[in-house]
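In: Fold the stuff below for me.
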Amino acid sequence: MGNNVLFYVPNVIGYIRLLLFGASLPFYNQPGWFLALYGTSVSLDGFDGYFARKLNQTSRFGAWFDVVIDLISRGGLWCLLNKYGYFIILVEWLTFVATHTRGPNWKATDEEFPYFCKLVMANGFKTPLGFIAISGVHVLPIALYCQQSNFLQDFSIMTPTVFNFVILFLVIGRIMALRVEVFYIQSHVKSLLLDEENS
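Out: Numbers count the residues shown, from 1 in each chain. Sure, this is the predicted structure:
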């Protein structure tokens, strides 16, 4: 039964996403090709959840694998963008460890959550603040790549001033997400230390 999970449609989509990310890397200095491959990989992220529900192929492995793919691909881009990008993805991996130990209901808040974190995470991040934070996490590295490669300027899609406002919006969102991430990491460390005291 466990082996069948590996071939669930959502997980096969995940393998394709990883292949597309790997295929994008040699084209890092060719923005058109890189964004086509990397962007397709990112776009497919919306389909695995849909098919998991539609085909009744949800699994703990699939939920874990989906986040791992996001972190691998986004982390790779952060590291290519800047040598300090490693620290951003490090925080995301640490947060993943902290949230994964909480189980599938990790988005549920309680009284221990700071007020700001509750606002951002309300309704499973499906609020204006949640949208800003999630946009910062997922879109900021792609936007920075477009800025670094002058991709958007080459096609006159938007003026530099407008694009700088977009970057600022995404940076604010990333900082908001960072506040939530730091809380999860701190809570996880406290829980580990408490376990040590009680054992």
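In: longest single helix anywhere in this protein?
Out: helix 160-198 (DSSP state H).
In: avg pLDDT for that one?
Out: For helix 160-198, mean pLDDT rounds to 93.
In: Local confidence estimate at the residue lying closest to Ser191 once chain neighbours are set aside?
Out: Counting by Cβ to Cβ, 6 or more residues apart in numbering, Ser191 lies nearest to Thr101, which is 7.8 Å off, once chain neighbours are set aside. C-betas here are computed from N, CA, C, even on glycine. Per-residue confidence (pLDDT) for Thr101: 91.
In: Could you pull out the helices in the chain for me?
Out: 2-6, 9-24, 31-43, 45-54, 60-81, 85-100, 115-125, 128-148, 151-154, 160-198.
In: any chance of these in JSON lines, plus distance to Ala108 and mean neighbour count?
Out: Formatted as JSON lines, the helices of the chain follow (distance: least, Cβ to Cβ, whole Å; neighbours: other Cβ atoms under 10 Å):
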{"stretch": "helix 2-6", "distance to Ala108": "25", "mean neighbour count": "10"}
{"stretch": "helix 9-24", "distance to Ala108": "23", "mean neighbour count": "18"}
{"stretch": "helix 31-43", "distance to Ala108": "27", "mean neighbour count": "17"}
{"stretch": "helix 45-54", "distance to Ala108": "19", "mean neighbour count": "15"}
{"stretch": "helix 60-81", "distance to Ala108": "15", "mean neighbour count": "18"}
{"stretch": "helix 85-100", "distance to Ala108": "11", "mean neighbour count": "16"}
{"stretch": "helix 115-125", "distance to Ala108": "9", "mean neighbour count": "15"}
{"stretch": "helix 128-148", "distance to Ala108": "14", "mean neighbour count": "19"}
{"stretch": "helix 151-154", "distance to Ala108": "39", "mean neighbour count": "15"}
{"stretch": "helix 160-198", "distance to Ala108": "12", "mean neighbour count": "15"}
